[in-house]
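Peer 1: 3D, please:
(2 chains)
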Amino acid sequence: MSELPANEEVRYGAVVRPPRFRLEEGRFESDQPVNVDASALDSLPGSYQVVERGAFIGVVADTPDRARIAAQRLVIEWSAAPPPPPACAEPCAKGETDYAWPNRMRFGPSAGWVVADARAGRVRLWAPSQTSTALREDIARLLGRPIDQIELHQALDDGLGRTGADDAAADAALLSAAAGAPVAVWLDRSYAADGDRLGPGQRIALSDTLTDGNLSGLEARLHLAGDAAPALALLLAGLSAADPMPRQPLSIPYTALDWKIEAPDRPGYRLPGLGAAQLAFARESYLDELAHRLGQDPVALRLAALEDPRGQALIEAVAARAGWSTRRRRSEHPEVSHGRGFAYGEEGPAGDPKRARAAWIADVEVNRITGDIALTRLVLGQESGERLDQEQLRAELQRQLIERTSPLLANSGDAQEWGEGEEPRRGPLSIEHITLAPISDQTLSTSLGSAGLRALDAGTLAPSVAVISNALFDATGVRLREPPFSPERVRAALAEYAPTASAGARALPGGIPGARTRPWRKKRWLAASMLPLAGAAAALWPFKPAIAPIQRPPADLYSAATLERGRLVAEVGDCAVCHTAPGGETNAGGHAFETPFGTLYSTNLTPDEETGIGSWSFAAFERAMRHGVGRDGRQLYPAFPYTAYAKLSDTDMQALYAYLMSRPAVSATPPENQLRAPFNFRPLLAGWNALFHDPTPFQPDPTKSAQYNRGAYLVEGPGHCSACHTPRNLLGAERGAEARFSGAIVDGWEAPALNGLSSAPVPWTEADLYAYLREGSSPHHGAAGGPMAPVVAGLAELPEEDVRAIAHYVAALSGPLAATVEDAASAAAERIQAAGLATPLPDEGGRSFERACAACHESTLPGPTSAQISLALNTNVSSARPDNLIQTMLDGVHAEGMIDSALMPSFRDSLSDAQIAAIARYVRARYAPDQPAWQDLDERIGELRDAGADWAPRR
Amino acid sequence: MALPDDLTLTVNGREHRLRAAPQTPLLYLLRNDLALNGPKYGCGLGECGACTVLVDGRVARSCVLPTRVALGRRVTTLEGLGDRQQPSAVQQAFIEAQAAQCGYCINGMIIAVTALLEQDPDPSETTIKRALRHQLCRCGAHVEIIQAARRAAEIARARRIEVHEADPLDARSPSL
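Peer 2: Predicted coordinates for the structure are as follows:
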């Protein structure tokens, strides 16, 4: 049976890792718990089990949230692990180049639940493991059960190494055995962090010997255990892994060279083929580096080092088919580079006729801003000794390659990432396959059919890692010496390589010839150091040059992952909220903004070349977003929050540009702005920018958690929360210091304070903020309405972690004394009770309320909306200003796209100003008895009614 | 403006595919497209309750409920409770108590009492009055309506016992 346990049986687990642990030379060292205090869990609702085994600590609870909160509430005293030995100097010895192979390839194929049921005789696991035998062995050791009792479902078994899925499965199994119930553990990028802390599983140092300027010998020194570390729970619990299989002799091509391989005296690998894959990656990368160093052709260098005529014939056939040459193709898109790489591998005993040989040539496209790598062409030559069904092999190769390269190229996620790792770009990939004719008929039976494909799994596929690394180097000039080659690692390597890369595509036109030499790098540094000075002078100069118009970029220039990322940036940035007129086409502009300086209209953001931004290059777009200058050189008004968008990361900026350019073009010209003099003279804004605009990109605070920094980035950058929630000075600039996030009036709506000055009747907690932002209403505060409703609708597109990060950061804004969930619950209960006691005598307002409002707000039968959350908890009712309550009565709540069903009809046409005023007075007296009556009700109602409904539903 | 979408709506246990803008009030689709005229158009502002339907068993004023809120949920109208041959307990009680005068509000009354009995199978008169407080009746048939609600609780109880005696293994309660 592979069915998951019934939902009601499953309990949820969360683990607490030691502050420090590491794996050194196969030895695991970790902080150890001295004391675990779980007394804080007594006051939490539900039942909990704390599981301790050595340095493994976890909690099992009824719901995922409870498990997570309980794990945070455990007070654990740790004893320190011994200090690490001095790190190996880099590189470890002169003339050597270090390659590394990680213990974990990413956290897993995607985020999701991993479930273990260790109740009965058999242990059942549901985990997307890529190394199922090793996992089953680990679980058998962990629980002291025979391996044939470990059942694994949903295993994938097709990666290049272990992933965090194995660690999550072991956590779930240990928790399940202790709790006597099936336990689910959430697998996400936090497991990638565990893998990073384990460090590399293998290091290989390579050096060469040259004779007459030509390669004559290679030396490889293998450090560390070489195998992928066992599941973390096993290590933490102090148990040893299963004995590895005997080491296979490493097979080495290039017999023309003198070989020296130094390996530690340890048994071999549990993961078949791992040693060959590691060595092939290091060797083939090193030969590529060497060829560049010696100025030789990488293919010619290998041909010279081979003595085996069949290997040479295979390489020549592949090179001919691929049209191998060192001449590079130039891209017409400045940020995209093309590259081509070569790698070769052999597998099997030397001299054996069954020995498999494989030669690979790969073409890649690298977007240097997003880090996207697309594999565009692959020529694979294989000597299998078989007349295989070519079509079947082709299909199988394509499937395997796509699965193989996914973990190599996909995102593993960090504070700047969106979502749970992204699929790599999949451009149109052409695969050409060549097989050499068999040597003799005897080899026919060796590896036919699926067995033949199996042979591809281990050694023959090993060069696939190096071939991508080599092509990547060819395209960008940076060498990644450890897989996986995820976009963020490519970006990081490029940024380190060329410090001015933040200037984006402009700094790196076309290829980067000569970029591989040091003097070039020095010059760039010099140029970079002069930039800030020049920049300061340029910022003050009020007349900016126009940036040349371009043709709208083609739709297929960007990967699906980049477009999706751009869509999320646009959602969190709420572009469409301001750039869509009520009832108009999305992003076509024309939404009116009443400001103290006159009326502004938003512009057309669609890629129409005449009226929109279709002719804007990325450079023009980025200048507008960071510096508030349009393509034609005109200063933009800071109602457009470039002050916040300046904080966007380069990658998000590029993704947003890509996304906007991929949208349908709409021809629409917004009305002319109606601004009073002198505000209609745009060049004045150069001075405004010098005074108030800080274009520096977002800098994470290293003393804060990754979640805090992610939240800060989203709130301060793309989310531009302060644009509404911070009051502005007389010149329309956001005020600083304590005024930051202290609340403001925008377009007739009050954006409440987010800092310690919040006037919410019940203090906000992180959990309430999360519920409000994720679903649109919180049980202690009620629903989002007005301009906040489309914001929540946009956030509904974001991954859960990002919304949690925003809630975490906003909770931190209100200071260190954030309320606990219990405080909020008891404060809410008190408020509701007080409102019950304060019921005023029925007057005209009371009667109108009873007729128009009470059917939903006071119903004793459950309804489908959040209207029954007491008005006593509503910030709008307790606020010093009646604006939001009046606006809500006039125009209702139209929270389309929100998860929660907050909605209310408009009463604009059925209630008179006098009735609205009477109801507002009654609601205030009844539900906020501690607040003074509003004074200027009648006047405000008249003004707000005349201003009209601007925030109409947008879908 | 957004073009109408293909919506899938589950009403009285049947799936319907409709082309409409998702913000269309649910009542319009029920009456005009599905010819379910049990729910009535009264005030159009969610105030009188004549349009009440059940959405996942919860009372909803369908004249102000955008249809998108009902997507993926079970909508039950008066027609879904029972018919002439087999009226639900609440419908039967309203017939016996002759609780309708003009009848315009009775849809909402029956739906609200159905939801009430789900929550409290033996409600006191005060509980009934509270639950029906915002279901407006302009004819003044309140006395009969409250009697009907009490009678509905009795009929529902009796039906449960009948089923239980007829087939002791079948403990499922029949529709109210």
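Peer 1: Is the closest residue to chain A within chain B in a helix, a strand, or coil?
Peer 2: Relative to chain A, the nearest point of chain B is B:His134 (3.7 Å; C-beta to the nearest C-beta). All C-beta spots, glycine's among them, are computed from the backbone N, C-alpha and C. Three-state assignment for B:His134 (DSSP: H, G, I helix; E, B strand; the rest coil): coil.
Peer 1: Kindly report the residues of chain B close to chain A.
Peer 2: B:1-2, B:22-23, B:45-47, B:49, B:55-56, B:58-61, B:64-66, B:68-70, B:73, B:112, B:115-116, B:119, B:127, B:130-131, B:133-134 (C-beta under 8 Å from any C-beta of the partner chain).
Peer 1: repeat that for 6 Å
Peer 2: B:1-2, B:45-47, B:55, B:58-60, B:64, B:69, B:115, B:130-131, B:134 (C-beta under 6 Å from any C-beta of the partner chain).
Peer 1: How much space separates A:Leu301 from A:Arg162?
Peer 2: 33 Å (C-beta to C-beta, to the nearest Å).
Peer 1: Neighbour count: those two, which is higher?
Peer 2: Taking neighbours as other C-beta atoms under 10 Å in any protein chain shown, A:Leu301 and A:Arg162 compare with A:Arg162 leading, 30 against 19.
Peer 1: so what's the residue nearest the centre of chain B up against?
Peer 2: Centrality entry for chain B: nearest residue to the mean C-alpha point is B:Ile111, 2.6 Å, by C-alpha atoms, centre = their mean. Contact analysis of B:Ile111 by C-beta atoms under 6 Å, 6 or more residues apart in numbering or on different chains lists B:Thr52.
Peer 1: Shouldn't it be within a helix?
Peer 2: Yes: membership of B:Ile111 in a helix is supported by three-state DSSP.
Peer 1: picking up where we left off before, might one say that the residue of chain B closest to chain A is in contact with A:Ala855?
Peer 2: Yes: with contact defined as C-beta atoms under 6 Å, B:His134 and A:Ala855 form a contacting pair (3.7 Å).
Peer 1: Point me to the helix or strand that includes A:Lys658.
Peer 2: One thing to correct before we go on: residue A:658 is Ala, not Lys. Element membership of A:Ala658 [criterion: DSSP states H and E] is helix A:650-661.
Peer 1: Can you name the residues in contact with the next helix or strand along the chain from that helix?
Peer 2: Next helix or strand after helix A:650-661 toward the C-terminus (DSSP H and E): strand A:674-675. Counting contacts by C-beta under 6 Å, 6+ apart, the residues outside strand A:674-675 that touch it are A:Phe597, A:Gly598, A:Thr599.
Peer 1: Mind checking which of those residues land in strands?
Peer 2: Mapping the contacts of strand A:674-675 onto strands (DSSP state E) picks out A:Gly598, A:Thr599.
Peer 1: Just name the closest of the contacts of strand A:674-675 to A:Met788, please.
Peer 2: A:Thr599 (22.7 Å; C-beta to C-beta).
Peer 1: how's chain B carved up into domains?
Peer 2: Following automatic domain parsing, chain B resolves into domains at B:5-80, B:82-166.
Peer 1: Compile those domains into a markdown table and extend it with columns for mean pLDDT.
Peer 2: As requested, the domains of chain B are exported to a markdown table (pLDDT from 0 to 100):
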| stretch | mean pLDDT |
| --- | --- |
| domain B:5-80 | 92 |
| domain B:82-166 | 92 |
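Peer 1: With distance to A:Ser469 added, can I get these in a markdown table?
Peer 2: Shown next, in a markdown table, are those (distance: least, C-beta to C-beta, whole Å):
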| stretch | distance to A:Ser469 |
| --- | --- |
| domain B:5-80 | 47 |
| domain B:82-166 | 64 |
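Peer 1: Buried residues in the biggest helix by length in chain B, which are they?
Peer 2: For chain B, the helix that runs over the most residues, judged by DSSP state H, is helix B:142-166. Buried positions in helix B:142-166, judged by neighbour count with 16 or more other C-beta atoms under 10 Å in any protein chain shown: B:144-153, B:155-156, B:159-160.
Peer 1: want to throw the residues you listed into TSV with distance to A:His153?
Peer 2: Below are those laid out as TSV (distance: C-beta to C-beta, whole Å):
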residue	distance to A:His153
B:Glu144	61
B:Ile145	57
B:Ile146	58
B:Gln147	59
B:Ala148	55
B:Ala149	52
B:Arg150	55
B:Arg151	55
B:Ala152	50
B:Ala153	49
B:Ile155	50
B:Ala156	46
B:Arg159	46
B:Arg160	43
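Peer 1: Looking at the residues you listed, which one is closest to A:His780?
Peer 2: Looking across the buried residues of helix B:142-166 and measuring by C-beta to C-beta, the closest to A:His780 is B:Ala149, at 33.8 Å.
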